[in-house]
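> Have a look; sequence and predicted model below, questions after that.
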Amino acid sequence: MIASLLAIIGPLAALTLIVACRRTPAVFALGGALVVFGGAVGGLIDASAGGHASLAFAGMPDLPLRLQHDSLTAILSLTVATVALLVFVYAVGYMHAEPDKVRFFAEMSFFAAAMQGVVLAGDWILLLACWELIGLASYLLIGFWYERPLVPVAATRAFLTTRGADLGLYVAVFALVSTAGTSEVGQSVAANTGQFAIGMLLLLAAMGKSAQIPFHGWLQDAMLGPTPVSALLHSATLVAAGVILLIRSAPLFSAPMLTAVAAIGGLTILVTGVTALAQPDLKRMLAASTSSQLGFMLIGVGAGSPIAALVHLVAHAAMKAALFLGAGIFQHALDSTVFAELRGVGRAYPRVFILFALAGLALAGVPPLAGFWSKDPIEAATMESPLGAFLFPLALVGSLLTGAYVARALRLLWQGSAQRRPVPGMAWMLVGLAGVSLLATFLGPALVPTAEFVGGRLPTNVSSQLLGFGTAVFGLLAGWSGFTDRLAAPIASPAARGFRVGDGWIDVAVRPALALARAADRLDLSLYDTSVSAGRIGLGLATGPLARADALVERLVLAVGSDGLLLARASRRFDEVDLDGLIGQLVRATQLLGERVRRLQTGFVSRELLLAASGAAVILVLALAAR
C-alpha cells in the first residue's frame with residue numbers, strides 16, 4: 001500500500017517544490033514522475049504477490065476516504081505513471097523556449113496526481129473529488145496559452161461540457177451511497193446491481209469525460225493547448241477516466257444498460273471515425289480518433305467484456321501518446337498542424353516519421369503491434385455477444401475507418417517536400433516519443449497476461465480476427481490511395497465539423513439554457529421597466545395632486561394643533577387663575593358666614609328660644625306672602 005501512496009505523493013511533492021522554489025521546475029516534475037513510476041511498479045509487484053489492501057483515512061462522518069490497492073488499480077496506476085513519465089521527458093524539450101515553465105510543470109504534476117487519485121480511489125467520495133480535480137487540471141492546461149485567441153473559449157467549453165455531464169456522477173454517487181449505506185466502490189456497486197437509473201447516470205458521466213456523442217465536440221477544441229497536454233489528456237488521463245468508471249462499475253449493469261453503453265460507443269465510432277477521415281488538421285484528426293477508439297472500449301463493455309475494454313485502454317494509451325508526441329515535433333518543425341502545410345515533413349524528419357508510423361499502424365490493428373492484440377478481443381466479444389448482429393459490423397466499420405484515417409495521415413505527411421529545420425529540445429522529445437512508440441510496438445504480447453492478472457479472460461475468435469485484420473488492411477489501402485478522400489468529398493465540410501452532432505451538448509443543453517437565460521433576462525428587464533414606470537407615476541403623483549393634498553392636510557393638522565395649543569393655554573390660565581380664585585372666595589365666604597352664625601350661639605336657652613320663635617314667625621310671614 002505504501003508503494004501506491006507514492007504514486008500520489010510523488011507528483012504532489014513535485015508540485016509543492018515547483019511552486020515553492022520556482023527554479024528548475026522540469027527537474028522537480030521529472031523527479032516526481034519517477035517517484036510515481038517507482039510507486040506504480042512497487043504496487044504492481046505487491047498485487048502480483050496477492051496483495052489486496054484498502055487504506056481508510058478521515059473523511060465525512062461514517063464515510064471514510066479509501067485508497068484501493070488490487071490488481072486492477074495496479075495496472076491502471078502503472079499505465080498512467082508510465083505514459084506520464086515519458087510525456088514529462090518529452091515536455092522538457094517541447095517547452096524549451098516557454099517562459100512560464102513553472103506554471104506548466106506545476107499544472108502537469110497536479111494533473112498526474114489527480115489522475116492517480118481517480119484510479120486508486122476505493123470510495124466514491126474520493127473518486128468524485130479526484131474526478132473533479134482532473135477536470136480542473138485539464139481546464140488549466142488546455143487554457144495554458146490563455147493570451148492566444150480562442151484558447152480561453154476552448155478551455156471553458158471543455159470545462160463546462162464535462163461539468164454538465166458530471167452531474168450524472170454526482171446524482172449516481174448520492175444514490176449508490178444512500179442505497180448501500182457505504183461509499184466503498186465494490187460494496188455499493190454490488191448492492192445496486194441492475195439499478196437502471198444509476199447505470200444511466202454513470203454512463204452520462206462517462207460520455208462527457210470520454211468525449212462520446214453528443215459530448216465529443218469539446219475534445220477537438222482542446223487541441224489548442226500544448227502538445228504534451230494533448231498527449232497526456234488523450235492517452236492515460238482525462239478521457240480515459242470515463243472508460244475506467246464504466247469498467248469499475250461494470251457489475252452494476254444489466255442487459256438493457258449494456259445495450260445503451262454499446263449503442264453510444266458504436267455511434268461514436270462511426271461519427272468520429274468519419275470526422276477523423278475528413279479533418280484537415282493533424283491534431284484535430286487525432287482528437288476525433290481518440291473519441292472513436294474510446295467508442296471501441298464502450299462497445300467492449302457493452303458486449304459484456306470489460307476486460308477487453310481494459311486491455312485496449314492500456315494499449316491505446318501508448319499508441320495515442322506516441323501519435324500526439326510525433327505530431328508535436330512536426331508542429332514545432334513547421335509551426336503548423338494543418339496537413340496542407342505539413343506535406344513532406346515525414347521525409348524531412350524520417351526518425352520521427354517512423355516512430356509516428358509505428359504507432360499509427362498499431363492503432364490500425366496491424367500485427368504484431370499492440371493494437372492488433374487489443375482490438376481483436378473487442379471484435380471477438382462483439383461477435384459472441386447477444387447483440388453481435390449489431391455490434392460486430394460496427395466494430396468492423398470502426399476498424400476500416402481507423403485504417404483509412406491513419407493511412408491518409410501517413411500519406412499526407414510523407415508525400416511532398418518540406419525543408420528540415422533545427423528543432424530546439426529535439427533530443428528530449430525523441431526520447432519521450434521513442435519510449436511510447438516502443439510500447440505501442442512491443443506491448444501486445446503482454447496484454448494477455450495482463451487480463452489474466454486482473455482475473456479476466458480475453459475473448460478470442462478466429463473468424464473475427466481474420467475479418468478484423470482484413471478490414472483494417474483494406475482501410476489502410478483505401479486511405480493511402482486517396483480513395484477515401486474522393487469518397488468522403490461530398491461530406492467533407494460537415495464531417496470536419498463533426499456533423500453538428502459534435503456540438504450536440506451545445507444543441508441539447510447549452511443553447512436551450514442560453515435561450516432560457518435570455519427569456520429570463522427579458523422578463524427581468526420587463527419587470528424592471530414596469531417597476532420604474534410605476535415609480536415614475538408615483539413620483540408624478542407625489543409631486544402633483546398628492547403633494548398639494550399632503551400640504552393641505554399638513555396645514556389642517558398644524559391649524560388644529562395650534563388651536564388646540566391655544567385652548568390648552570386658556571384652559572390652564574382659567575384653571576390656575578379664575579377657578580382657583582373663585583374657589584378661594586367661596587371658602588372665605590363660608591368661613592365668614594360660619595363665624596357670624598357662631599356668634600348667635602350664646603348658650604342661653606331663653607335667648608335661643610326667642611331666636612327660634614322669631615325665625616318661625618319670619619318663615620310663616622313669608623309663606624303667607626307667597627300665597
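Sure thing, it's come through.

> contacts, neighbours, all on C-alpha from now
Will do.

> how about the host helix or strand of Gly403: buried residues?
For Gly403, the enclosing helix or strand under DSSP states H and E is helix 388-414. Using 16 or more other CA atoms under 10 Å as the test for burial, helix 388-414 gives 388, 391-414.

> Then stretch 46-59?
Under 16+ other CA under 10 Å, the buried positions of stretch 46-59 are 46-47, 54.

> from the residues you listed, which is closest to Ser481?
Ala47 (47.8 Å; CA to CA).

> which residues touch the closest one?
Contact partners of Ala47, counting by CA atoms under 8 Å, 6 or more residues apart in numbering, are 69-71, 74.

> Try it again at 7 Å.
Listed by CA atoms under 7 Å, 6 or more residues apart in numbering, the contact partners of Ala47 are 70-71, 74.

> any chance of those in a markdown table, with pLDDT too?
Listed next are the contacts of Ala47 as a markdown table, based on pLDDT from 0 to 100:
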| residue | pLDDT |
| --- | --- |
| Asp70 | 88 |
| Ser71 | 91 |
| Ala74 | 92 |
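
> So which elements touch the helix holding Gly403?
helix 255-278, helix 345-348, helix 350-364, helix 370-384, helix 462-481 (3 or more CA pairs under 7 Å, 6 or more residues apart in numbering; DSSP states H and E).

> Identify the residues contacting Leu412.
339, 343.

> Could I get the buried residue list for the helix or strand containing Ala451?
Using DSSP H and E, Ala451 sits in helix 447-454. By 16+ other CA under 10 Å, the buried positions in helix 447-454 come out as 447-448, 450-451, 454.

> could you check the angle helix 370-384 makes with it?
Here helix 447-454 runs at an angle of 60 degrees relative to helix 370-384 (axes from the mean of the first three to the mean of the last three CA atoms, to 10 degrees).

> Rounded mean pLDDT for helix 447-454, please.
On average, the pLDDT along helix 447-454 is 92.

> Need the residues that contact that helix.
With contacts defined as CA under 7 Å, 6+ apart, helix 447-454 is touched by 71-72, 307, 311, 457-458.

> Try it again at 6 Å.
With contacts defined as CA atoms under 6 Å, 6 or more residues apart in numbering, helix 447-454 is touched by 71-72, 457.

> ditto for stretch 29-40
When contacts are defined by CA under 6 Å, 6+ apart, stretch 29-40 is touched by residues 3-4, 6-7, 10-11, 14, 77-78, 81, 85.

> And it, how far out from the chain middle?
Taking CA atoms, centre = their mean, to the nearest Å, one finds stretch 29-40 lying 27 Å from the centre of the chain it belongs to.

> next one: stretch 301-317
Using CA atoms, centre = their mean, the offset of stretch 301-317 from its chain centre is 25 Å.

> again with stretch 287-306
Distance of stretch 287-306 from the chain centroid (CA atoms, centre = their mean) equals 22 Å.

> tell me which element the closest residue to Leu76 other than its chain neighbours falls in.
Leaving out its chain neighbours, the residue that sits closest to Leu76 by CA to CA, 6 or more residues apart in numbering is Val119, at 6.3 Å. Val119 is part of helix 101-120 when elements are defined by DSSP H and E.

> As PDB, could you dump the C-alpha coordinates of that helix?
Provided in PDB are the C-alpha atoms of helix 101-120 (Å, rounded to 0.1, in the frame of the first residue of the first chain):
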ATOM      1  CA  LYS A 101       7.700  26.700 -17.300                       C
ATOM      2  CA  VAL A 102       6.900  26.900 -13.600                       C
ATOM      3  CA  ARG A 103       3.200  27.100 -14.200                       C
ATOM      4  CA  PHE A 104       3.200  24.400 -16.900                       C
ATOM      5  CA  PHE A 105       5.100  21.800 -14.900                       C
ATOM      6  CA  ALA A 106       3.200  22.600 -11.700                       C
ATOM      7  CA  GLU A 107      -0.100  22.000 -13.500                       C
ATOM      8  CA  MET A 108       1.100  18.900 -15.200                       C
ATOM      9  CA  SER A 109       2.200  17.400 -11.800                       C
ATOM     10  CA  PHE A 110      -1.200  18.300 -10.400                       C
ATOM     11  CA  PHE A 111      -2.800  16.600 -13.300                       C
ATOM     12  CA  ALA A 112      -0.800  13.400 -12.800                       C
ATOM     13  CA  ALA A 113      -1.600  13.400  -9.100                       C
ATOM     14  CA  ALA A 114      -5.300  13.800  -9.600                       C
ATOM     15  CA  MET A 115      -5.500  11.000 -12.200                       C
ATOM     16  CA  GLN A 116      -3.700   8.700  -9.800                       C
ATOM     17  CA  GLY A 117      -6.300   9.600  -7.300                       C
ATOM     18  CA  VAL A 118      -9.100   8.500  -9.700                       C
ATOM     19  CA  VAL A 119      -7.600   5.100 -10.400                       C
ATOM     20  CA  LEU A 120      -6.600   4.400  -6.800                       C
END
